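J.: Quick one: sequence plus predicted model below, questions after.
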Amino acid sequence: MTDAARPCVIAGNWKMYKTIDQALSFLDIILPVAPKCDCEVLLAVPFTIIESAAKKAEASPVLIGAQNMNDASEGAFTGEVAASMLKDAGAKFVLLGHSERRTIFKETDEFINRKIKRASEIGLLSVLCVGETNEEREGEKTREVLKQQLSKCLEGVKYEKGKLMVAYEPVWAIGTGKAATNTIAEEAHAFIRGVLRELYGEEVANGMPILYGGSVNASNAATFLKEPDVDGLLIGSASLGAESFAKILELRQNRANT
Ligand code: 13P
């Protein structure tokens, strides 16, 4: 299996940062860079930015998406946002199951499962985030945790091409400056692909991008991308600066021109 069968995906997660003006200035720098790179570029932005960023990125290969949504189609859920509303605002994808949602907002695998089903009904690409805590890794529970998160979150989810990706984000590596090594990432990604194989079969598992996230920056990004099962990156703080994000995209630039 070579990585040629899967697209490379470079995704940014802006979390709760940026105003609309700041987002549009970021896009002024990134939009000319993205078409020269051999990768799909995704930006998960705050809800308030989706519409204006999606309009600005419309004719470009950059996809604008959300960082969360509710599982219900609509209803009396004060403060929540539905998948159809994200689509209406121009979102093409949604991050689901991010560890900050799981830990701070107590989201369960069952809730995330319902969200993935709703996103798929609406036609949004789901980027499902999974990953173990430091305690779980030290207790040698990483595989068990990953398997449980994947099987519960994907239970009954029908695979549709281009509508599902997985991001491996070890909780201990998020926002800590302590990225996983490329070996740790590759081992987890290969394991995740094995679970996807059990759930969806060889062809689907081999075609599904698995991204690594957790303290990725312009200096360490290349070491992850050379691993056979690491198909892309999900970047937090280093996606906030247009220059640092552009540097990461440029790692894929020569490939598009060769
Ligand atoms: P950092 O890149 O800031 O560690 O964040 C990773 C992340 O949570 C992306 O979803």
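T.: Sure, I can see it.

J.: any idea where the helices of the stretch 101-250 of the chain begin and end?
T.: 109-122, 134-138, 142-153, 182-200, 202-207, 221-225, 242-250 (DSSP state H, counting those that start in this stretch).

J.: Can you convert those helices into a markdown table and add a column each for mean neighbour count?
T.: The C-beta positions use only the backbone N, C-alpha and C, and glycine is treated the same way. A markdown table is the format used below for the helices of the stretch 101-250 of the chain (neighbours: other C-beta atoms under 10 Å):
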| stretch | mean neighbour count |
| --- | --- |
| helix 109-122 | 19 |
| helix 134-138 | 14 |
| helix 142-153 | 18 |
| helix 182-200 | 18 |
| helix 202-207 | 15 |
| helix 221-225 | 19 |
| helix 242-250 | 18 |
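
J.: These: which one's closest to Lys56?
T.: helix 242-250 (13.3 Å; C-beta to C-beta).

J.: Strand partners (parallel or antiparallel) of the helix or strand harbouring Ile10?
T.: Here Ile10, judged by DSSP states H and E, is contained in strand 9-13. According to DSSP bridges, strand 9-13 forms sheet pairs with strand 40-44 (parallel), strand 232-235 (parallel).

J.: Could you list the residues in contact with the first one?
T.: For strand 40-44, the surrounding residues in contact (C-beta atoms under 8 Å, 6 or more residues apart in numbering) are 7-14, 30, 34, 53, 57, 61-67, 93-95, 127, 232, 239, 249.

J.: If you count neighbours, what's buried in whatever helix or strand comes next after that strand?
T.: Downstream of strand 40-44, the first helix or strand assigned by DSSP H and E is helix 47-56. Using 16 or more other C-beta atoms under 10 Å as the test for burial, helix 47-56 gives Ile49, Ile50, Ser52, Ala53, Ala54, Lys56.
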